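**Student:** Got a predicted structure here, sequence first:
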Amino acid sequence: VIGNFYPLVGGTEQQCQRLSKELIRQGCEVKVVTGRWSRNVPRHEIIDSIPVFRNHTFWQLSQFWHGSGLVYMFSLLLYLIRYRKQYDVIHIHQVSVPAFIGVLAGKILNKPTVAKTSSSGINSEIIALKDKPLGKLMFKFIKKYLNILVATSKQGADDFMVAGFHPGSIKFIPNGIVISEQCKKSYTLDNPPQLITTT
C-alpha cells in the first residue's frame, strides 16, 4: 500500500518499486495498491513486472483534494477487504493516512501489517500525520495495532520510540541502493572515497 506510485516519482515511490521487484524476483506474489490521482493513468497496469492497482479518488471529477482523499481512503479499505483472500501481509510505505487504512484492514481481517518509514526529524511522518484532521487518533490507532515498523534510519527509529512505539516492534533496515556493475570498484582503507550529500 502506497499513497502515490509511478508516474508520480519520489524517493518512497522508487523504494517501493525496487522492493516490490526484488520480492517478485525472490518468488513472492506482490501487488502495489495506490491511488488514481489522474484520469490519464489506468486503474490496472504492469510496471517493471509489478502489478499495480489504483483505487478510486475524486480527482477524476473534481480538484477538491479533501474529498478526493476521503474517497481514496474508503475505496482502499473496500479493496483490502474485498480481495483479502489474495494476500497474506499488508506492507505499507510511509506512516500516513493510507497506513491507518492498512492497519485498520489488518485489524478487521486479522492480517499482519508492516509499515516502512520514509523521513525523520522535523520532516517526520509523525508530525505530518498528527497535523491532519483526526491525525492524532489515526496515529494512536497505528501505534496500537501495527505489527512491525521498519525504520530506515536510527533517527527515525528514535522518533517513533519517543512517540510511544514499543522498541521490540521497530526494525532498523536502511534503504538499499542499486549499483551497476560498471560502477562497482574496490577501495582500500588507505584511500577511502570521500562523499558529500545535500538535501
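**Tutor:** Cool, got the structure. Keep in mind that what you see is a predicted model, and the values were worked out from it rather than measured.
**Student:** need the contact list for Leu146.
**Tutor:** Leu146 is in contact with 99, 103, 113-115, 169, counting by C-beta atoms under 8 Å, 6 or more residues apart in numbering. All C-beta spots, glycine's among them, are computed from the backbone N, C-alpha and C.
**Student:** Other residues contacting stretch 123-131?
**Tutor:** 94-97, 99, 117-119, 135-136, 138-139, 156, 159-160, 163.
**Student:** Tell me which of those fall in helices.
**Tutor:** Among these, the residues falling in helices (DSSP state H) are 97, 99, 135-136, 138-139, 156, 159-160.
**Student:** can you pick the most crowded of the residues you listed?
**Tutor:** Most neighbours among these, by other C-beta atoms under 10 Å: Ala99, with 28 neighbours.
**Student:** excluding its backbone neighbours, what's nearest that residue?
**Tutor:** Excluding its sequence neighbours, the residue lying closest to Ala99 (C-beta to C-beta, 6 or more residues apart in numbering) is Ile92, at 4.6 Å.
**Student:** Check that neighbour and give its pLDDT.
**Tutor:** The model reports Ile92 with a pLDDT of 96.
**Student:** Now do the helix or strand containing it: distance to the chain's middle.
**Tutor:** Applying DSSP states H and E as the criterion places Ile92 in strand 90-93. The chain centre lies 5 Å from the centre of strand 90-93; the measure is C-alpha atoms, centre = their mean, to the nearest Å.
**Student:** For the longest strand along the chain, output the C-alpha coordinates as CSV.
**Tutor:** The single longest strand within the chain, with elements called by DSSP state E, is strand 50-55. Coordinates of each C-alpha in strand 50-55 appear next as CSV, following Å, rounded to 0.1, in the frame of the first residue of the first chain:
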residue,chain,number,x,y,z
ILE,A,50,4.8,-5.3,-10.8
PRO,A,51,1.0,-5.5,-10.9
VAL,A,52,-0.4,-2.1,-10.0
PHE,A,53,-4.0,-1.3,-9.0
ARG,A,54,-5.1,2.3,-8.5
ASN,A,55,-8.1,2.9,-6.2
